[in-house]
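Engineer: For reference, the sequence and a predicted model appear below.
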Amino acid sequence: MNIFEAYNSTKKALEKAGAEDYVFEAKQIIKHITGFTNAQILMNYTNQLSDYQQNRLMALLKQRELRYPLQYIFGEWSFYGYDFYVGPGVLCPRADTETLIEKSLELLKDRKNPEILDLCAGSGCIGITLAKQVPEAAVTMVEKFPEAARYAEKNIVRNSADNVRLITGDIFESAGADKKYDLIVSNPPYIPENEMDTVSPETKYEPETALKGGKDGLDFYRAIIKNYKSALKEDGIMAFEVGAGEAAAVRSLFKDAGFKDTGTVNDLNGIKRVVFALL
């Protein structure tokens, strides 16, 4: 089996299994087993796979056909151009969250030496990415669960993010609210309890604690706004990733708490994915 044949068979198997982005995933899988870049694959698409590579491909596909997250299978994932360790016990980085990065960078562009707080940090992909993109920033990440915090610790080292400190603590107890911040950012659990059974099969392998946001999906937004408003500087900003259909409710939470200039940002699918507000 050559690379081109392997790509086509992988694509068909993923489509049959119901993988939503089967074309993208097929490319990632071929890159993973060959070690080739996209350009190298195009130049060497008639190369035969070794027996070892074919066995790896079959084993990988068996896992993916069960809808086990590709990020977990690889043990790492790229987010905003940086590589992060991921696995069971931590939420998989998603492309939608890059919308939150883009807006956060825009909001920070005129601030010198900004203080940033990343709540419900998980793998650390948000806080670490902001730390790399804004080297003069001081970033604090808060994560409650030890399993996820271990990934965050490894990812700080992997990305040489020396301007990041990690706190193991609970946002419902105001962990990390020991200083003033220019930006408080979070991608918290936001799936309503009654929708947990309708989420994609992949999420069933991810920690429920990183997904379930209470009865209406808004518990964490309420807690962060209440517990961390006082941790913002006078012109401080909060920015959240939100679930589909939640933007209006989160904007109302901001307005009720006295924030001004609230706004939203759409992701690449046109969903209002980010809500932000200025104090």
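Structural biologist: Arrived safely, thanks for sending. Numbering: from 1, shown residues only.

Engineer: which residues of the stretch 1-150 of the chain fall in strands?
Structural biologist: 76-79, 82-85, 115-119, 138-143 (DSSP state E, counting those that start in this stretch).

Engineer: Using TSV, lay out those strands together with distance to Gln53, mean neighbour count and mean pLDDT.
Structural biologist: The C-beta positions use only the backbone N, C-alpha and C, and glycine is treated the same way. Shown next, in TSV, are those (distance: least, CB to CB, whole Å; neighbours: other CB atoms under 10 Å; pLDDT from 0 to 100):
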stretch	distance to Gln53	mean neighbour count	mean pLDDT
strand 76-79	19	18	96
strand 82-85	21	20	98
strand 115-119	38	27	98
strand 138-143	36	26	98
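
Engineer: Can I get those in a markdown table including distance to Ala59?
Structural biologist: Output for these, formatted as a markdown table (distance: least, CB to CB, whole Å):
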| stretch | distance to Ala59 |
| --- | --- |
| strand 76-79 | 17 |
| strand 82-85 | 20 |
| strand 115-119 | 35 |
| strand 138-143 | 31 |
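
Engineer: wait, which of those strands is closest to Ile126?
Structural biologist: With CB to CB as the measure, strand 115-119 is the member of these nearest Ile126 (5.1 Å).

Engineer: Contacts for the closest one next, please.
Structural biologist: For strand 115-119, contacts defined as CB atoms under 8 Å, 6 or more residues apart in numbering pick out 104, 108, 124, 126-127, 130-131, 134, 137-142, 171, 176, 179-186, 188, 224, 228, 231, 233.

Engineer: mind giving me the domain split of the protein?
Structural biologist: Domain ranges of the chain: 3-66, 80-278, per automatic domain parsing.

Engineer: nearest to Ile73, of these?
Structural biologist: Using CB to CB, the nearest of the domains of the chain to Ile73 is domain 3-66, at 5.3 Å.

Engineer: Give the full set of residues in contact with the residue nearest the centre of the chain.
Structural biologist: Geometric centre of the chain, nearest residue: Pro93, 3.2 Å, by CA atoms, centre = their mean. Contacts for Pro93 were tallied using CB under 8 Å, 6+ apart; they are 71, 77, 79, 84, 86, 123, 125.

Engineer: ok, the fourth one to Ala148 distance?
Structural biologist: Phe84 sits 12 Å away from Ala148 when distances are taken as CB to CB, to the nearest Å.

Engineer: What subset of the contacts of strand 115-119 is buried?
Structural biologist: Buried by 16 or more other CB atoms under 10 Å: 104, 108, 124, 126-127, 130-131, 134, 137-142, 171, 176, 181-186, 188, 224, 228, 231, out of these.

Engineer: Please narrow the residues you listed to those residing in helices.
Structural biologist: Mapping these onto helices (DSSP state H) picks out 104, 108, 126-127, 130-131, 224, 228.

Engineer: Just flag the most distant two among the residues you listed.
Structural biologist: Ala131 and Ile224 (19.9 Å).
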